[in-house]
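Enquirer: pasting the sequence and the predicted coordinates here, then a few questions.
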Amino acid sequence: MKAFCLDCGNEVAAQIECRNELIPVKNEEYHVPVSVPVCSVCDAEIFVEEFEEDAIQRAYDLYRQEHDLIFPNEIREIRELYGLTQSGLSRVLGWGEVTITRYENGSLPSQAHNDILMLLRKPSAMLEFLKRGKNRVGTDEYTRLCRRVREVFPENAANLEREVIRLEGVVGREADIFHGYRRFDFYRLANLAVYIADRAICYKVKFMKLLWFTDFLAYKQIRRSISGLSYVALPMGPVPDEYRWIMSLLEEAGWVTVEPVFQFGERVLPAREANLDIFADEEKRVLESVLKKLGNASTERIVQLSHTEEAWHRTDRGERISYTFAKDITSV
Ligand SMILES: [Zn+2]
């Protein structure tokens, strides 16, 4: 090859010699075979940056193997798996804009960053990081990524299904007076939830109350609830039994997204379209009348209204509310 020899002060022909060098990485040293260009005129070693860089990367690779660190191509694979750009992944993780770029170009990640990158191969971990980084990522991208995780990991979808079955078991498989004489059905609830989130500006608290009014009005008018949910009388009003679990499953399974809005609380937004075909006409009429009456009401107003209902007054705090009180519902 041709190279510039500093000693000769000239462009010269250079021979490539193979040598073994000791290259320091952090507090260690690694023996690495390196290519060294040597001037064919004066025998001096010639510095060529790409040869030097190549030697350092070989030493880094040995260090990575030794310390079980993630390799740059593995980071790229993870990123491409989720359809993320380098800066996109940095954003999900809350790192500096170019952090991932540096790691993919060969910089050694810190141990903490390395552990996180390794974790991302697990869909549950990816979902967790997505949740924590939702503000930075934005709602649309968050929804897309959650969907992507489910597509890439069918076993994750299977886990979700198992989770839904477990939830249905805990909320109740009985069609008794505490479920409005319908067995709790997550799929019906999910479609109801999406439809309500689509039609009304809903924050979490209002959303729960709208579900309650819908199920109780349905029971009052057609003798059966729509979702089969059981409701508990909490100080803030009636909420679905296991409502935290329900909200997180609705979100994880891609039915709704929950977006924090500064000073307003958490807004519930639809993440897909509702399938209304599963509801009977009389059920749709109940839903419409609740939305017409309370869809535009503020959270405070709805909480207030729920506190005027016998159903809430005559049930002990923390206890499940019997649908027998549905006949006395006056707010809808
Ligand atoms: Zn020379």
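Expert: Cool, got the structure.
Enquirer: neighbours around the residue of the stretch 151-300 of the chain found nearest the ion, how many?
Expert: The nearest approach of the stretch 151-300 of the chain to the ion comes at Val152, 55.1 Å away (CB to the ion). C-beta coordinates here come from the backbone N, C-alpha and C atoms, glycine included. Val152 has 15 neighbours, counted by other CB atoms under 10 Å.
Enquirer: next one: it from Glu29, what distance?
Expert: Separation of Val152 from Glu29 (CB to CB, to the nearest Å): 40 Å.
Enquirer: can I get the CA coordinates of stretch 306-321 in CSV?
Expert: C-alpha atoms of stretch 306-321 as CSV (Å, rounded to 0.1, in the frame of the first residue of the first chain):
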residue,chain,number,x,y,z
SER,A,306,-71.7,9.3,41.6
HIS,A,307,-71.7,10.5,45.3
THR,A,308,-75.4,11.3,45.1
GLU,A,309,-76.3,7.7,44.1
GLU,A,310,-77.8,5.4,46.7
ALA,A,311,-75.6,2.6,45.3
TRP,A,312,-72.5,4.3,46.6
HIS,A,313,-74.1,5.6,49.9
ARG,A,314,-75.5,2.3,51.0
THR,A,315,-72.4,0.3,50.3
ASP,A,316,-69.6,0.2,52.8
ARG,A,317,-66.3,1.6,51.5
GLY,A,318,-64.2,-1.1,49.9
GLU,A,319,-67.2,-3.4,49.4
ARG,A,320,-68.7,-4.5,46.1
ILE,A,321,-71.8,-2.7,45.0
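Enquirer: ok now it, how far from the chain's centre?
Expert: With CA atoms, centre = their mean, to the nearest Å as the basis, stretch 306-321 stands 34 Å off its chain's centre.
Enquirer: now do the buried residues in it.
Expert: Going by neighbour count (16 or more other CB atoms under 10 Å), the buried part of stretch 306-321 is Ser306, Glu309, Ala311, Trp312, Thr315, Arg320, Ile321.
Enquirer: tell me the residues on the stretch 1-150 of the chain that lie near the ion, please.
Expert: Contacts of the stretch 1-150 of the chain with the ion, taken as CB under 5 Å from the ion, map to Cys5, Asp7, Cys8, Cys39, Val41, Cys42, Ala44.
Enquirer: hmm, try it at 8 Å
Expert: The stretch 1-150 of the chain has residues 5-8, 10, 12, 39-44, 46 near the ion, with proximity defined as CB under 8 Å from the ion.
Enquirer: select from these every entry located in helices.
Expert: Within these, no residue falls in helices by DSSP state H.
Enquirer: which one (most neighbours) among those residues?
Expert: Within these, neighbour counts (other CB under 10 Å) peak at Cys5, which reaches 22 neighbours.
Enquirer: name all residues that make contact with the closest residue to that one other than its chain neighbours.
Expert: Spatial nearest neighbour of Cys5, excluding adjacent residues (CB to CB, 6 or more residues apart in numbering): Cys39 at 4.1 Å. Residues in contact with Cys39, defined by CB atoms under 8 Å, 6 or more residues apart in numbering, are Ala3, Cys5, Asp7, Cys8, Val12, Ala14, Glu45, Ile46.
Enquirer: give me the pLDDT for the last one.
Expert: The one in question is Ile46. pLDDT, Ile46: 94.
Enquirer: distance of it from Gln15?
Expert: For Ile46 relative to Gln15 (CB to CB), the value is 10 Å.
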